[in-house]
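*Asks:* Sequence first, predicted model second:
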Protein chains: 2
Amino acid sequence: MITKFTYGKPFQTDAVVNKVEAQQGVLPFLKVEEKDGKLKFFYTMKDQEKVYGLGENVRGINKRGWLYKSCCADEPTHVEDRHSLYASHNVLVLDGGEETFGVFFDYPGIITFDIGYSHLDQIVIHLEEADADVYVITGDSILSIVKQFRQLIGRSYIPPKWAFGYQQSRWGYMNEKDIREVVEKHRENHIPLESVYMDIDYMERFKDFTVNQERFPDFPEFVKEMKEQHIHLVPIIDAGVKVEEGYEVYEEGVEKGYFCKEKDGKEFVAGVWPGKVHFPDVLNKDARKWFGDKYQVLLDQGIEGFWNDMNEPSIFFAQDRMDETFDAIAELKDKNLDLETFQKFTGLVGSLANNTDDFKKFYHNVDGEMIRHDKVHNVFGYNMTRAAGEAFERLCPDKRILMFSRSSYVGMHRYGGIWTGDNKSWWQHLLLNMKMMPSLNMVGILYTGADIGGFGADATEDLVMRWTQLAMFSPLMRNHSALDTREQEVYRFDHVDKFRDMLAIRYGLVSYIYSEYMKAALGSEMYFKPLSFVYTEDAFASQVEDQLLVGDSVMMAPVYTQNAEGRYVYLPEEMAMVRFRSLTDYDTEILPAGHHYVKAGLFEMLLFIRPDRMLLLTEGGEYMDQVEEDHVTALAFVKNKAVYQWYEDDGMSKNYENSENYGTVSIEKDGICTYEGSRKKTIDVKLL
Amino acid sequence: MITKFTYGKPFQTDAVVNKVEAQQGVLPFLKVEEKDGKLKFFYTMKDQEKVYGLGENVRGINKRGWLYKSCCADEPTHVEDRHSLYASHNVLVLDGGEETFGVFFDYPGIITFDIGYSHLDQIVIHLEEADADVYVITGDSILSIVKQFRQLIGRSYIPPKWAFGYQQSRWGYMNEKDIREVVEKHRENHIPLESVYMDIDYMERFKDFTVNQERFPDFPEFVKEMKEQHIHLVPIIDAGVKVEEGYEVYEEGVEKGYFCKEKDGKEFVAGVWPGKVHFPDVLNKDARKWFGDKYQVLLDQGIEGFWNDMNEPSIFFAQDRMDETFDAIAELKDKNLDLETFQKFTGLVGSLANNTDDFKKFYHNVDGEMIRHDKVHNVFGYNMTRAAGEAFERLCPDKRILMFSRSSYVGMHRYGGIWTGDNKSWWQHLLLNMKMMPSLNMVGILYTGADIGGFGADATEDLVMRWTQLAMFSPLMRNHSALDTREQEVYRFDHVDKFRDMLAIRYGLVSYIYSEYMKAALGSEMYFKPLSFVYTEDAFASQVEDQLLVGDSVMMAPVYTQNAEGRYVYLPEEMAMVRFRSLTDYDTEILPAGHHYVKAGLFEMLLFIRPDRMLLLTEGGEYMDQVEEDHVTALAFVKNKAVYQWYEDDGMSKNYENSENYGTVSIEKDGICTYEGSRKKTIDVKLL
């Protein structure tokens, strides 16, 4: 059951699609305090109580023991003591106390969540203003609460099926030649590849919706050339619009008043990649439509996918602060720079980027009302991506367009996915990648993944190999890295054949991955689930934060430690282990419930199949169009009877609800397999 | 066996105390390449070969899979992709290939160690110049190789016994009042405490060997007052000497020519805490003596311990670079700060600190020869601490003085310990703390520990609790934190009683810790050992990087994960587990060899006792002088007979080699205990 409580006059974020009437009376579970125009909520946790949620964030699946903050920020260093990453997902589900319940704070400003940070057993949630809709959700399990919440916020974004292929990106692909080389190297080594990303250098001086003519002399022709090789190009779109006379987007935006403005009506000037930029006022619905329509210029050139970046929005500096900083620095010259003076110097420079005080300098025009940015900061990226999503509905209503964003807020999951931003080539970020996935699923973000190999810092071959294994089930499976870091396309390393074998497994798994994704999206379910969400009676399950259930059949337990030749795995029930070396070379073993140490060499990937479940394997391919799904192998662990509901569609159109999309595979103990559905299937059974 | 090979004309670092004649002929194991005045060494690793060593560094006990660098640096962010921390310990031991061997590159300049970074199976070691002594050590085990190496480099530093007590530090204790409060809070809560550290604010404007008169009006009296409460004050000493007319150390150093100079003979000016400083030329033996003698001013006021900081040396900026930077920044004003221009701006600021190009601007006078700093950079901190150590030998030859350093090089272990520098309040740094300990022991650094609770970032109560447990056996057991971070003295948290109980265990363990430390120091042994060094026939032991053997009897296996209620433990042989809640409240269990999941709640510390070994427990105390060692309890796990060699001395003087320092405790299977030695002992036996 969902109950809603309204405090003050909340900004309408449109996070929720199913309107709920606000209740009067006392908020259950939490103590509320309204003071000095701010709202605080209090809760005392039991010793063994777990706190799940907060979507994209640092630390564990169980969020106890830290102070988290919703304040979307361009944050390239996801270390443990960060409080906020790029997103604001103000959802918690508490389990293991007196009652299991969820709570969603629909509030677009800055919130802090002290979850056992100040005191081990205390939660204190602090809203900067006393205007918020608070939804309390009860149900008989975590999953039922999550499902109710997901139904409240609407269906998750569904990408085209090709977006489940293996994708390659790097900040530094400068021109056609660079991209061609990446494609060629994959194809000549028979490493699967589905798409190549175009980071900021494809644009003309970082201007949105432009293509650099020198680097891409005939862009539509190049897009076509790539498509002939079954490669989709995915350009980046930044939030800031370059201030430049003669640049159409800039001039139009100024003319129509569609950029964010300062109090006096002048456009706010921030510095990002192009230097001076204005931010499109995507909270203004006319401006949102205008900005969204701009994507057409690239759609018209054959583009079918985009990633929206820098949309927290990222501010390298506010121009006025930068000007003051130059003067303040000049004043320090010739002084003895002792601790205090030198800290003043470094402080001046250090406070330029993403300074929350600058959020108070500009405004949004929401239905004629000027709203200061800091009060709605956390819905900017969401609305930029919504601009695109709403535009695609208008511009190509029958076609799926790939779309994911860096920044997000609850509700954005309807318009696109996210990638988890600028991670690093760190082993600990493999683990963080895994821990983030279920909390993102809780808020409806299903199409997601981290940069394989790590964005910042230099990767090693073993890191990229283990990360490829860990990302085997990530809907967004993309290798991406930053300028000036070690090149990490998998063909750069010594064991190219091993990467080919590993990535072939992805294409073998694609029927399962796509089917499970679609069922999760259409049914408001989680695709990645912590063990404790499913094995609710298992006292140990909540201790496991390095294994996940993927869909209905599989448990993943990747190796995430350098030089490890295996790992500990906890099985809440008997399972069949599969140790893959390639799509055709694997061994299997039935393991009893309990703790195990399991070997997994660098080129081996572990997965586990639950009892009376199966995993469908295709014969793979080097790109999605090549994958043949009418002939599959079912790896089945049958105790009594395994039944699998198989979702399939054309992967392009939006005819999701067609009953012909569903088929049922049943496998008996003796291996007899039946398929019920509208398609013709040949299914080989391999009993485990 | 140790063989030495000399390339070019190496700088004499005095790392080695037992002179070895250089061999002619071909270096074993490694391929050598001398080209363009640089030296490279090559080695191909077998698949299962392990690489140990490199002392203070990031990443695992097995160093495979990264590019390490010896370039001592003030490095406050010990993330995985750092290449160098504060030290240079150019020692590797390879095991698991065709032959087990060690190699030490005695070279004070910058070296890189590519250990499977560029190619998984390749080691490439690169010296900036072709002048080095290379020692190759062979033996029948890792421990025999380490022991030979340790004998080569001389006996490890031995601190006074009180330095094994629990110590408290924070950058931010400003005056007598602050320190008194820390002491009072510990004493009134009966939390053990041995010493309080004085970070940079005790000085007068950060001038070495001064005490701020306003903050400490009668310092000798205050030192005395603290001693009456059994508290030792430990002041910090920085490498840089403030440039200030009238400041004696500065004026004397200039007059005598004892500071590092530029090519033209002017003193090199760097910026550190006081602003402009000169560096004492501690590589010049006259200057070293002069600087060392300065410690007397504090010894005379009753001080018995020091920590040497900022001695990589840390350079916030070179004054000439800073001057240029002001001008270069001024030139950027009013430009459009696009990607390139803004990166120029941030690059200017970012390249100020510890810029290796600045190392080429100043020189050392070594026996009359001017040697450019970059060529000997890695021995600066070592020689600063050597200055102090040599001075203490002159000034108080019969007394042990506590001394540890931030920067170090092989050989410095004779003069002091180290702390592992500016870590963070991160869970991953608990694990890093543990992994660093054995590699430091390999290079003779026995007196060491990390900042408990983490220096930078904000700690949580559970982090500090788990870290206290992890540091239970660290010789240097110090809680330390940075200015502007959350206060983390243990009395600040909710469960003060639990911290008191935990720290009481330290004082209960002190007989064992001290005895094992002394035997390791006197016998050139390791105090902390990885499992694979001892269980050489156990194929799994080298996979275990989160457990350590401590001395001869104990295996530690701390919990280092937030919200974990236990952990996996691997036992290479049957062991007795002890789960401590306090010195008197613990439970025990005999566990068979193999893999186990073991519970350990937040306030429980695990340790394991090996078969036929024992652990001595005193009744504890609130400071070392209070600990009564004549009546102890022996926790013994006896299969046949447990024998323990117990080292004891007065803890102050240097009469280490006295045979009366050794006693032997024997416990038979039936619990009958005998003590042979010169002391009178009452030993209660608790058979496990």
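*Replies:* Yep, that arrived.
*Asks:* residue ranges of the helices in chain A, please?
*Replies:* A:142-153, A:176-188, A:219-228, A:248-256, A:285-293, A:296-299, A:319-332, A:339-350, A:380-395, A:427-442, A:461-470, A:496-508, A:510-522, A:531-534 (DSSP state H).
*Asks:* Mind checking these for the one nearest to B:Asp201?
*Replies:* Counting by Cβ to Cβ, B:Asp201 lies closest to helix A:339-350 out of the helices of chain A; the figure is 9.7 Å. Bear in mind the C-beta positions are built from the backbone N, C-alpha and C, glycine included.
*Asks:* Tell me which residues are up against the closest one.
*Replies:* A:325, A:328-329, A:332, A:335, A:337, B:200, B:206, B:271, B:273-275, B:316-317, B:346, B:349 (Cβ atoms under 8 Å, 6 or more residues apart in numbering or on different chains).
*Asks:* measure stretch A:253-270 end to end?
*Replies:* 15 Å (Cα to Cα, to the nearest Å).
*Asks:* Adding distance to A:Asp121 as columns, could you present the helices of chain A in TSV?
*Replies:* Compiled in TSV, these are given as follows (distance: least, Cβ to Cβ, whole Å):
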stretch	distance to A:Asp121
helix A:142-153	20
helix A:176-188	52
helix A:219-228	56
helix A:248-256	51
helix A:285-293	44
helix A:296-299	52
helix A:319-332	41
helix A:339-350	35
helix A:380-395	33
helix A:427-442	22
helix A:461-470	33
helix A:496-508	43
helix A:510-522	34
helix A:531-534	20
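*Asks:* Throw the ones you listed into a markdown table and include mean pLDDT and mean neighbour count, thanks.
*Replies:* Below are the helices of chain A laid out as a markdown table (pLDDT from 0 to 100; neighbours: other Cβ atoms under 10 Å in any protein chain shown):
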| stretch | mean pLDDT | mean neighbour count |
| --- | --- | --- |
| helix A:142-153 | 98 | 21 |
| helix A:176-188 | 98 | 17 |
| helix A:219-228 | 98 | 16 |
| helix A:248-256 | 98 | 15 |
| helix A:285-293 | 98 | 19 |
| helix A:296-299 | 98 | 18 |
| helix A:319-332 | 97 | 15 |
| helix A:339-350 | 95 | 15 |
| helix A:380-395 | 98 | 24 |
| helix A:427-442 | 98 | 24 |
| helix A:461-470 | 98 | 24 |
| helix A:496-508 | 98 | 22 |
| helix A:510-522 | 98 | 22 |
| helix A:531-534 | 98 | 22 |
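*Asks:* who in the stretch 151-300 of chain A is up against chain B?
*Replies:* A:200, A:205-206, A:271, A:273-276 (Cβ under 8 Å from any Cβ of the partner chain).
*Asks:* can you do 6 Å?
*Replies:* Within the stretch 151-300 of chain A, the positions near chain B by Cβ under 6 Å from any Cβ of the partner chain are A:271, A:273-276.
*Asks:* In the stretch 401-550 of chain A, which residue sits nearest chain B?
*Replies:* A:Ala457 (3.7 Å; Cβ to the nearest Cβ).
*Asks:* Pull up the gap between the closest residue to that residue other than its chain neighbours and B:Phe404, please.
*Replies:* Among residues not flanking A:Ala457 along the chain, B:Asp81 sits closest, at 3.7 Å (Cβ to Cβ, 6 or more residues apart in numbering or on different chains). In this view, B:Asp81 and B:Phe404 are 27 Å apart by Cβ to Cβ, to the nearest Å.
*Asks:* Tell me how many other residues crowd A:Tyr586.
*Replies:* Neighbourhood size, A:Tyr586 [other Cβ atoms under 10 Å in any protein chain shown]: 18.
*Asks:* is it true that it touches A:Ala600?
*Replies:* No. Using Cβ atoms under 6 Å, A:Tyr586 is not in contact with A:Ala600; the gap is 11.6 Å.
*Asks:* Okay, the nearest residue to A:Lys263 once chain neighbours are set aside and B:Ile590: tell me how far apart.
*Replies:* Of all residues not flanking A:Lys263 in the chain, A:Tyr363 sits nearest, at 6.9 Å (Cβ to Cβ, 6+ apart). Note on A:Tyr363: its distance to B:Ile590, by Cβ to Cβ, is 70 Å.
*Asks:* Between those two, tell me which one has more neighbours.
*Replies:* A:Tyr363 (21 against 13).
*Asks:* Run through the residues that contact the more buried one.
*Replies:* A:261, A:370, A:372 (Cβ atoms under 6 Å, 6 or more residues apart in numbering or on different chains).
*Asks:* Filter those residues down to just the ones in strands.
*Replies:* Judged by DSSP state E, the contacts of A:Tyr363 include A:370, A:372 as members of strands.
*Asks:* List buried members of the contacts of A:Tyr363 by neighbour count.
*Replies:* A:Lys261 (16 or more other Cβ atoms under 10 Å in any protein chain shown).
*Asks:* With respect to B:Val58, which of the contacts of A:Tyr363 is nearest?
*Replies:* A:Arg372 (43.4 Å).
*Asks:* any idea how far chain B is from that closest one?
*Replies:* 25 Å (Cβ to the nearest Cβ, to the nearest Å).
*Asks:* which residues does that residue bridge with?
*Replies:* A:Tyr363 (DSSP bridges).
*Asks:* Check it and give its pLDDT.
*Replies:* At A:Arg372, the pLDDT value in this model is 98.
*Asks:* do A:Leu85 as well
*Replies:* Taking A:Leu85 on its own, its pLDDT is 98.
*Asks:* Look up phi and psi at it.
*Replies:* phi -110, psi -130 (degrees, to the nearest 10).
*Asks:* Could you check how many residues crowd around it?
*Replies:* Counted with other Cβ under 10 Å, A:Leu85 comes out at 29.
*Asks:* Could you check how far the residue of chain A positioned farthest from its centre is from A:Gly350?
*Replies:* Residue farthest from the centre of chain A, counting by Cα atoms, centre = their mean, is A:Asp334 at 48.3 Å. Between A:Asp334 and A:Gly350 the distance is 22 Å, computed by Cβ to Cβ.
*Asks:* Could you do A:Asn62 as well?
*Replies:* From A:Asn62 to A:Gly350 the distance is 33 Å (Cβ to Cβ).
*Asks:* Ok, A:Gly240 next?
*Replies:* 21 Å.
*Asks:* From what I see, A:Val243 and A:Pro274 are in contact.
*Replies:* No. Look at A:Val243 against A:Pro274 with Cβ under 6 Å: they stay out of range, at 7.8 Å.
*Asks:* So for those two, which sits in the more crowded spot?
*Replies:* Applying other Cβ under 10 Å to A:Val243 and A:Pro274 shows that A:Pro274 carries more neighbours, namely 25 against 21.
*Asks:* Please state the backbone phi and psi of that one?
*Replies:* According to degrees, to the nearest 10, A:Pro274 has phi -80, psi 10.
*Asks:* check contacts around it.
*Replies:* A:205-206, A:242, B:338.
*Asks:* Let me see the confidence value for it.
*Replies:* Confidence score, pLDDT, at A:Pro274: 97.
*Asks:* does stretch A:432-442 come close to chain B?
*Replies:* No. Using Cβ under 6 Å from any Cβ, stretch A:432-442 never reaches chain B; the gap is at least 10.4 Å.
*Asks:* Pull that stretch out as CSV, backbone CA atoms only.
*Replies:* The C-alpha trace of stretch A:432-442 is given here as CSV (Å, rounded to 0.1, in the frame of the first residue of the first chain):
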residue,chain,number,x,y,z
LEU,A,432,31.1,-0.9,-6.6
ASN,A,433,29.7,-1.5,-10.1
MET,A,434,28.0,-4.7,-8.9
LYS,A,435,26.7,-3.1,-5.7
MET,A,436,25.1,-0.2,-7.5
MET,A,437,23.1,-2.3,-9.9
PRO,A,438,20.2,-3.5,-7.7
SER,A,439,19.7,0.0,-6.1
LEU,A,440,19.4,1.4,-9.6
ASN,A,441,16.9,-1.2,-10.5
MET,A,442,14.9,-0.3,-7.4
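*Asks:* can you list contacts of it?
*Replies:* A:53, A:55, A:60-61, A:146, A:420, A:448, A:450, A:526-530, A:545.
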